[in-house]
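J.: Sequence and predicted structure, then a few things I'm wondering about:
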Amino acid sequence: MFLIEVERFEVIQNRQLEFAKHIHQKFISRNAPKQVNIGAAERQFVEEIFDMERRGENSIAPNTVFAAAKTEIYKIFQRDVYPRFTKSKIFAAFVKDAQKQLKSGSGTSPRERLGGVDVSTCTHSYYVPRRA
């Protein structure tokens, strides 16, 4: 959720400050209900930006405020979450089903079941297909 919301924040044109505060309160702040697992340095960097903004010393820059935290989360996905997922029973069943569909040539392809998404071209290492 954090990555999705940060990516939305980076492209929105209006109400960026409001959305940045929402992300901060939901994922970064000390009492965040869905606090992300980032290092102290990354958390402190974001906290300092918001402290400066509250004092009127700085405006929130979309491409920098959450950049370090976003990178940290990507690294966690690459090192831990994605490798564990690829070893899971759910992933194994998906691969087995996809191979069976390809061999038989019947039914829909995995790409069609994923709404036309070609997972081999996804740029994010955290991409996980959603259930239909």
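T.: Structure received.

J.: Model confidence at the residue most central in space within the chain, what's the number?
T.: By Cα atoms, centre = their mean, the mean C-alpha position of the chain lies nearest to residue 3, the distance being 2.7 Å. As predicted, residue 3 sits at a pLDDT of 90.

J.: any weak-confidence spans in this structure?
T.: In the predicted model of the chain, residues 62, 105-132 satisfy pLDDT under 70.

J.: Domain-wise, how is it divided?
T.: Per automatic domain parsing, the structural domains of the chain span 2-80, 92-132.

J.: Minimum distance to residue 86: which of those domains has it?
T.: domain 92-132 (8.7 Å; Cβ to Cβ). Any C-beta I mention is one placed from the backbone N, CA and C, and that applies to glycine too.

J.: any idea which of the domains of the chain is most buried?
T.: With neighbours defined as mean count of other Cβ atoms under 10 Å, the domains of the chain peak in mean count at domain 2-80, which reaches a mean of 15.

J.: End to end on that one, go ahead and measure it.
T.: 17 Å (Cα to Cα, to the nearest Å).

J.: residues touching the residue of the chain positioned farthest from its centre, list them.
T.: Distance from the centre of the chain peaks at residue 104, with 34.7 Å (Cα atoms, centre = their mean). Listed by Cβ atoms under 8 Å, 6 or more residues apart in numbering, residue 104 has no contact partners.

J.: just residue 39 next, same as before
T.: Contacts of residue 39 by Cβ under 8 Å, 6+ apart are residue 72.

J.: how much space between it and residue 18?
T.: 26 Å (Cβ to Cβ, to the nearest Å).

J.: sorry, back to before: now the residue lying closest to the residue nearest to the centre of the chain once chain neighbours are set aside: which helix or strand?
T.: Once flanking residues are discounted, residue 3 sits nearest to residue 73: 5.9 Å by Cβ to Cβ, 6 or more residues apart in numbering. Per DSSP states H and E: residue 73 is located in helix 67-76.
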